[in-house]
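J.: Sequence first, predicted model second:
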Amino acid sequence: MHEDVPTGCGDPHCEEIAALTGAAALGSELEPNECARLVAYLAGCERCRYRLKEYAAIAQLLPLCVPEIEPPASLRERIVAAAQGGQQSRPRRRRTFAWRRLLVPALGLLAALMLVWNLMLQWEIRQQQVRAAHNRALLLSLFGDTDARERRLEATDVAPEATGRLWLAPDAGALGLYVDKLPPLPPDQVYQIWLIRDGKRVSGGTFSVDQRGRAWLIVQPEEPLDSFDAVGITAEPEPGSPGPTGPKYLGNTL
Amino acid sequence: MQPERILPAAPMPGDDQTLLRQAAAGDAAALGLLYDRYGKLVYSVALRITGDRGSAEEVTQDTFLRLWQHAGRYQAERGSLVSWLLTIAQRRAIDELRGRNGARRRHEVSLPEIPPLQQASDISGLMQLRVDLQQALADLPAAQREAIELLFFGGLNRREIARRTGNPLGTVHTRLRLGLEKLRSIFLKPDQEQESG
């Protein structure tokens, strides 16, 4: 069977990224390395960002494919009653948690230790999976949401060739940054992004650029994104400064 | 000849926006009317994913209670209510499925991160869209349809799909993408592409 391959942006990696984009749009969680790769690529490829929005839109339609089946008549009454009663939801079916085994004294110390070990593994897996889901959600908020705002950063005389873009997703409280042609810094320095409100600067994190001067970063400030009115990027001593001390390379209002 | 009796027109139920405003103001009857409109669809999606009537009822109830709690936050300009409801139901049902299978639940999101598609805001348009979608999905190559369904409705991750189908991960990626491309070419018309681009 011949499967048509849609035209990409010409970059040989673009089709590979498109495959990952499709998976993300359909709800697949992303591993941290996949997310990093995808964000870096989406930030620099308008075609790929556009494609993510399209795929996300198609994924929204898919539930409509399901043939309709009549729910039990009592369900409507239960929902309305739960709403009227301020009930969050009906009591959930009890799940069997592994920790309940601890309540059985006969299991003994060995079983308890094994249980703790198992729980630690489960917790670690859970954390990884939560991060993967979070990664995907952030990605879609920044690049798949038509309401996400995009801003170009203005270069200063320090590096007039440099370019930068921001994607702001206030609902997700996240900001995506992509820079290009920033001069690589000496090993004892890093770039630092500042979020500015009424002249006060809050660090959004530090980053380094590759040989072509490219880097991406996702910033999730503790305070609402809309409360900031500008951003700036400076060079600072490693591992970053409490306030800007070096020259400004890029910046703009939000 | 006896003139045909003309029945008085039944009072038109409120549109989605009106009902949402009433629900946001605490009118549970409005929620009931929204359920009458979309409950069957939400339940069907939940049942398709969970495969269990009890779970489907729970997902449906959670979906409408979430609507009840967040009715005031719904933004009509961002898309149709049915897309909003179905997105919540689909994610909630996948969480239910994964929870039952021993995996962890995804982090809870109160609202869809993806803006719902501006389409089929009226019931007849919705029905036609459903028919078109079912046909388009049926017309996909079986391998592409299977990959999309296993991920979207089956709650499997990509690696699990690769294992189940006996294919490399890259093949799963390609099939997902090609399936989406085909659906995109059918349902995203040029004018929509311009808008979203």
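T.: Here it is on my side, so go on. For clarity, every value in this text was computed on a predicted model and none was experimentally measured.
J.: Can you give the distance of the lengthiest helix in chain B from its chain's centre?
T.: Identified as the longest helix of chain B according to DSSP state H is helix B:28-50. Chain-centre distance of helix B:28-50: 10 Å, with Cα atoms, centre = their mean, to the nearest Å.
J.: give me the low-pLDDT residue ranges for the stretch 1-150 of chain A?
T.: When residues are selected by pLDDT under 70, those of the stretch 1-150 of chain A lie in A:1-15, A:86-148.
J.: how about the CA coordinates for the longest helix of chain B, as CSV?
T.: The C-alpha atoms that make up helix B:28-50 are tabulated as CSV, following Å, rounded to 0.1, in the frame of the first residue of the first chain:
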residue,chain,number,x,y,z
ALA,B,28,-30.0,23.1,37.5
ALA,B,29,-32.9,22.8,35.1
ALA,B,30,-30.7,24.5,32.4
LEU,B,31,-28.1,21.8,33.0
GLY,B,32,-30.8,19.2,32.5
LEU,B,33,-31.7,20.7,29.1
LEU,B,34,-28.0,20.7,28.1
TYR,B,35,-27.9,17.1,29.1
ASP,B,36,-30.9,16.4,27.0
ARG,B,37,-29.0,17.9,24.1
TYR,B,38,-25.6,16.4,24.5
GLY,B,39,-25.8,13.7,27.2
LYS,B,40,-26.3,10.8,24.8
LEU,B,41,-23.3,11.9,22.8
VAL,B,42,-21.1,12.3,25.9
TYR,B,43,-22.2,8.9,27.2
SER,B,44,-21.6,7.2,23.9
VAL,B,45,-18.0,8.6,23.8
ALA,B,46,-17.4,7.5,27.4
LEU,B,47,-18.8,4.0,26.7
ARG,B,48,-16.8,3.7,23.5
ILE,B,49,-13.6,4.3,25.5
THR,B,50,-14.3,2.6,28.8
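J.: What are the buried residues along it?
T.: By neighbour count with 16 or more other Cβ atoms under 10 Å in any protein chain shown, helix B:28-50 contains the buried residues B:28, B:30-35, B:37-50. C-beta here means a position set from N, CA and C on the backbone, and glycine is covered the same way.
J.: Kindly confirm my reading that residue A:249 is in a helix.
T.: No: per DSSP: H, G, I helix; E, B strand; the rest coil, residue A:249 lies outside any helix segment and is strand.
J.: Contacts only, for it.
T.: Contacts for residue A:249 were tallied using Cβ atoms under 8 Å, 6 or more residues apart in numbering or on different chains; they are A:155-156, A:158-159, A:162, A:182, A:191, A:233-235.
J.: give me that answer again for 7 Å
T.: By Cβ atoms under 7 Å, 6 or more residues apart in numbering or on different chains, the contact set of residue A:249 is A:155-156, A:158-159, A:162, A:182, A:233-235.
J.: Those residues, buried ones only, as a ChimeraX selection?
T.: With 16+ other Cβ under 10 Å as the criterion, this ChimeraX line picks the buried residues out of these:
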select /A:155,156,159,162,182,233,234,235
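J.: which ones among the contacts of residue A:249 are found in strands?
T.: A:155, A:233-235 (DSSP state E).
J.: now, among those, which is nearest to residue B:162?
T.: Closest approach to residue B:162 among these (Cβ to Cβ): residue A:233, at 40.6 Å.
J.: close enough to count as contact, the closest one and residue A:250?
T.: Yes: contact criterion Cβ atoms under 7 Å: residue A:233 and residue A:250 qualify, at 4.3 Å.
J.: Give me the nearest residue to residue B:157, chain neighbours excluded.
T.: Among residues not flanking residue B:157 along the chain, residue A:28 sits closest, at 6.1 Å (Cβ to Cβ, 6 or more residues apart in numbering or on different chains).
J.: quick one: the one you found is in a helix?
T.: No: read with three-state DSSP, residue A:28 is coil and lies in no helix.
J.: Just give me how far the helix or strand that the longest helix of chain B is followed by sits from the chain centre.
T.: Next along the chain after helix B:28-50, taking DSSP states H and E as the criterion, comes helix B:53-70. Chain-centre distance of helix B:53-70: 13 Å, with Cα atoms, centre = their mean.
J.: So which residues make contact with helix B:53-70?
T.: Helix B:53-70 is contacted from outside by A:71-72, A:75, A:78-79, A:82-83, A:88-90, B:23, B:31, B:34-35, B:39, B:42-43, B:46-47, B:50, B:85, B:88-89, B:92-93, B:96, B:110-111, using Cβ under 7 Å, 6+ apart.
J.: what angle do that helix and helix B:28-50 make?
T.: If you take axes from the mean of the first three to the mean of the last three Cα atoms, to 10 degrees, helix B:53-70 sits at 140 degrees to helix B:28-50.
J.: Give me the buried stretch members for helix B:53-70, please.
T.: Under the neighbour-count criterion of 16+ other Cβ under 10 Å, helix B:53-70 has B:55-68, B:70 buried.
J.: ok, now how distant is residue A:179 from residue A:205?
T.: Per Cβ to Cβ, to the nearest Å, residue A:179 is found 13 Å from residue A:205.
J.: So which of these two has more stuff around it?
T.: residue A:179 (27 against 17; other Cβ atoms under 10 Å in any protein chain shown).
J.: That one reaches residue A:210, doesn't it?
T.: No: the criterion here is Cβ under 7 Å, and residue A:179 misses it with residue A:210 at 10.4 Å.
J.: quick revisit: the residue nearest to residue B:157 contacts residue B:156, doesn't it?
T.: No: with contact taken as Cβ under 7 Å, residue A:28 and residue B:156 are classed as non-touching, separated by 9.2 Å.
J.: Now do residue 152: how many residues are near it, please.
T.: Since no chain was named, I'll use chain A. 11.
J.: that's the wrong chain, I wanted chain B
T.: For residue B:152, using other Cβ under 10 Å, the count is 22.
J.: for the one 5 residues further on, same thing?
T.: By the criterion of other Cβ under 10 Å, residue B:157 has 20 neighbours.
J.: before we move on, what about residue B:99?
T.: The tally of other residues near residue B:99 (other Cβ under 10 Å) stands at 16.
J.: Point me to the helix or strand that includes it.
T.: Secondary structure assignment for residue B:99, by DSSP H and E: helix B:81-100.
J.: Kindly confirm my reading that residue A:69 is in a strand.
T.: No: the assignment for residue A:69 by three-state DSSP gives coil, which leaves it out of any strand.
J.: Does it touch residue B:42 like I think?
T.: No: if you go by Cβ under 7 Å, residue A:69 and residue B:42 don't touch, sitting 11.0 Å apart.
J.: Strands of the stretch 151-254 of chain A, start to end?
T.: Remark: strands assigned in the stretch 151-254 of chain A by DSSP state E, counting those that start in this stretch are A:163-169, A:174-180, A:189-197, A:200-207, A:215-219, A:230-237, A:248-253.
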